[in-house]
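**Q** how does the following fold in three dimensions:
(2 chains)
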Amino acid sequence: MNPGSGRAPVVNGSAIAIEGLVKRVGWWTPQILLDGLDLEVAPGRIFGLLGPNGAGKTTTFKLLLGLMRPTAGRAFLLGREVPHPSSREGVGFLPEVVIHPEHLTVAEYLGFHARLRGLSRPAEKVAAVLQRLEMTAAPHRLLGQCSKGMRQRVDLARVLLGDIRLLFLDEPASGLDPLGQKMLKDLLLQLRQEGITILLSSHAVGILTEVCDEVGFLVRGRLVRQGRVADLLRSGATRLRFRVPTGAEAAWPTPPAGVLALPREGQQGWWRVLAPADVAPTVAALVRQGADILEVTPETTTLDEVFARVVGGVSEGSA
Amino acid sequence: MMRRIGLIAWDALREVARHKMLSVHLIFVLIALGLFHLFGHFATTPTLEFRMIQDVGISVISLFGLLLTLFIGVSTMRDDLNRRTAYAVLTLPIARWEYFLGKLAGTLAAVVVNVAVMIGIFAGLLYVKFGVVGPSFLWIIVFMAMEFAIIGALVLVFSLSDSTVLAFSFTLFLVIMGNLAEYVRHLAAETGWPALEALVGLAYVVIPNFAYFNIKARVLKELSISPALVGWAAGYGFVYVLCVVAVGIRLMERQDL
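**A** As a prediction, this is how the structure comes out:
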């Protein structure tokens, strides 16, 4: 199935549609956890919600999954209004912290969830999903005796039991080793291939750059920026690195108007340009100066830098 | 709907069975054996010994049942919510009231099974020692189940607060008040103060009246348990639990988890 084709019956074409979602808590000292969030995620896409700790990512998830009640605003999952139980049909959720009932074995726990989902032949479904996640040796182990990595896979198995079309992942890479992160990345890409829409949150960029189609930056309960990952990275290409030969440091080039010179290191120097479109004219200006330049490289900004700039910008703006 | 409630109830019962039941039964067996040994020395006649053992035994079962209901009820849902294991269930297309009813049913099933086992052990010991068990003895299970249904519903509702201690204390307070309800109303009527009488009258309606479920005296005197007695108790218990469950569901629906 092609990405974006989706299997879900979606109202207005969105797998997730959020309109002005607000969440306030506290009586004596009211606190705004979410401040008028608007968001749409198309079917079959992977959307990353980025934000520092306390930005409102988990609150967004809880509101969408019916674990919290919104103060104002509306949200729809696969066309059904939240928090009605039917809005969670075809929806899976993997929380950040995985705690299981320790008195159950892996097979019992998964069997319980298979039956709750109303699946026919639950034992077969459990066996199939354990096989898919290469956990065929685990079914009779008590959850209390499982390692952290295995518990995470059990939780993933729980979600994959159902015929899900929308998956929520809260800080999925948290605590995963590099191998676990690679497995997660491969799985997410595979799920997208199957047409499953994924909303994942993180306070660290990590694998988001590699798997997300789009990301949104959530700061203090507000979505301050949103866009396709490729566009955000392109828009952030604002640095130009150049290198001069040894002994040529005395004739260090002067930046043209509108370009900021960043601190240099030995033979290397950096200029910050305002927009990607300014890169070519700046290189031309560098050449015109007749400076002895060995190489010039436009440096692509990482999502980490975009994130830091967006979050920093909001903090500065509100200070 | 009923299937989902049943599954949640079964899971709650299974958790109790694997964690807490066996130790309670062992303690009870030890206490019961102690009772049999102790009253053998005190009682002057076998009939008196039989009555004393029955009296204290039923009280111990009642106390154990109460404590079990409180401990199971206070932890079954609160622990799930605190540890967030409930998220895996509540993010399925399951209504919160189904979850609440499932937990209540699981709690009650666990308590009834426990009480039945304790009464079974006790009746067995009585039969071995005296060769007889009172015909009304099994009614105790029914009446205790009704009483514990009310207590279970109350403790489950109070467990929606963040504090386990608070839930435990409130329920225990209501249990004590519920056992004194008739006396308190009588005393209020004696004072002759209309305001106090009205206040106590209101409290009398709100606080569960456990006098309906106290059949120990009848069992000890080997009196029959009339259908009217059973009907009143069952009707009162059913309506009271229904009201408590309605409040609990309403609170849970509005709660941020």
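
**Q** got the contact list for residue A:189?
**A** When the contact criterion is C-beta atoms under 8 Å, 6 or more residues apart in numbering or on different chains, the partners of residue A:189 are residue A:211. Heads up, the C-betas are built off the backbone N, CA and C, glycines and all.

**Q** likewise residue B:245?
**A** B:100-101, B:104, B:153.

**Q** what mean pLDDT does whichever helix or strand residue B:144 is part of have?
**A** Using DSSP states H and E, the element containing residue B:144 is helix B:139-158. Averaged over helix B:139-158, pLDDT sits at 90.

**Q** re earlier: out of the contacts of residue B:245, which are buried?
**A** Of all the contacts of residue B:245 considered here, the ones buried according to neighbour count by 16 or more other C-beta atoms under 10 Å in any protein chain shown are B:100-101, B:104, B:153.

**Q** pull out the buried residues from the strand or helix carrying residue A:35.
**A** Element membership for residue A:35 (DSSP H and E) is strand A:31-41. Of the residues in strand A:31-41, A:32-35, A:37, A:39-41 count as buried by neighbour count, 16+ other C-beta under 10 Å.

**Q** kindly report the same for stretch A:161-171.
**A** Going by neighbour count (16+ other C-beta under 10 Å), the buried part of stretch A:161-171 is A:161-162, A:164-171.

**Q** okay, and which of those map to helices?
**A** Of the buried residues of stretch A:161-171, the ones assigned to helices by DSSP state H are residue A:161.

**Q** contacts only, for residue B:196.
**A** Counting by C-beta under 8 Å, 6+ apart, residue B:196 touches residue B:188.

**Q** what is the mean pLDDT for the helix or strand hosting it?
**A** Per DSSP H and E: residue B:196 is located in helix B:194-206. The average of the pLDDT scores along helix B:194-206 is 82.

**Q** please spell out which residues along it are buried.
**A** When neighbours are counted by 16+ other C-beta under 10 Å, the buried residues of helix B:194-206 are found to be B:200, B:204.

**Q** quick check: next helix or strand after that helix?
**A** helix B:216-220.

**Q** which one is residue A:119 nearest to, not counting chain neighbours?
**A** residue A:125 (5.2 Å; C-beta to C-beta, 6 or more residues apart in numbering or on different chains).

**Q** buried stuff in the helix or strand containing the one you found?
**A** Using DSSP H and E, residue A:125 maps to helix A:122-132. Neighbour counts over helix A:122-132 (16+ other C-beta under 10 Å) mark A:122, A:125-126, A:129-130 as buried.

**Q** helices or strands next to the longest helix belonging to chain B in the packing?
**A** For chain B, the helix with the greatest residue count under DSSP H is helix B:96-130. Applying 3 or more C-beta pairs under 8 Å, 6 or more residues apart in numbering or on different chains; DSSP states H and E, one finds that helix B:96-130 contacts helix B:2-19, helix B:21-42, helix B:46-76, helix B:87-90, helix B:139-158, helix B:227-254.

**Q** related to what we said a few turns ago, so the helix holding residue B:196 versus helix B:227-254, what angle?
**A** 90 degrees (axes from the mean of the first three to the mean of the last three C-alpha atoms, to 10 degrees).

**Q** what number of residues lie near residue A:16?
**A** Neighbour count for residue A:16, taken as other C-beta atoms under 10 Å in any protein chain shown: 24.

**Q** now for the closest residue to it other than its chain neighbours: which residues touch it?
**A** Distance criterion C-beta to C-beta, 6+ apart; nearest residue to residue A:16, sequence neighbours excluded, is residue A:41 at 4.1 Å. Listed by C-beta under 8 Å, 6+ apart, the contact set of residue A:41 reads A:14-16, A:47, A:197, A:199, A:214.

**Q** let's see stretch A:75-87 as PDB, backbone CA atoms only.
**A** Extracted as PDB, the C-alpha positions of stretch A:75-87 are listed here (Å, rounded to 0.1, in the frame of the first residue of the first chain):
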ATOM      1  CA  ALA A  75     -10.700  16.800  18.200                       C
ATOM      2  CA  PHE A  76     -11.500  14.000  15.800                       C
ATOM      3  CA  LEU A  77      -9.700  10.700  15.300                       C
ATOM      4  CA  LEU A  78     -10.400   9.000  12.000                       C
ATOM      5  CA  GLY A  79     -13.500  11.100  11.700                       C
ATOM      6  CA  ARG A  80     -15.000  10.300  15.100                       C
ATOM      7  CA  GLU A  81     -15.200  13.000  17.800                       C
ATOM      8  CA  VAL A  82     -13.100  12.600  20.900                       C
ATOM      9  CA  PRO A  83     -13.600  11.600  23.700                       C
ATOM     10  CA  HIS A  84     -16.400   9.200  22.700                       C
ATOM     11  CA  PRO A  85     -15.100   5.600  23.000                       C
ATOM     12  CA  SER A  86     -15.700   4.900  19.300                       C
ATOM     13  CA  SER A  87     -13.100   7.600  18.500                       C
END
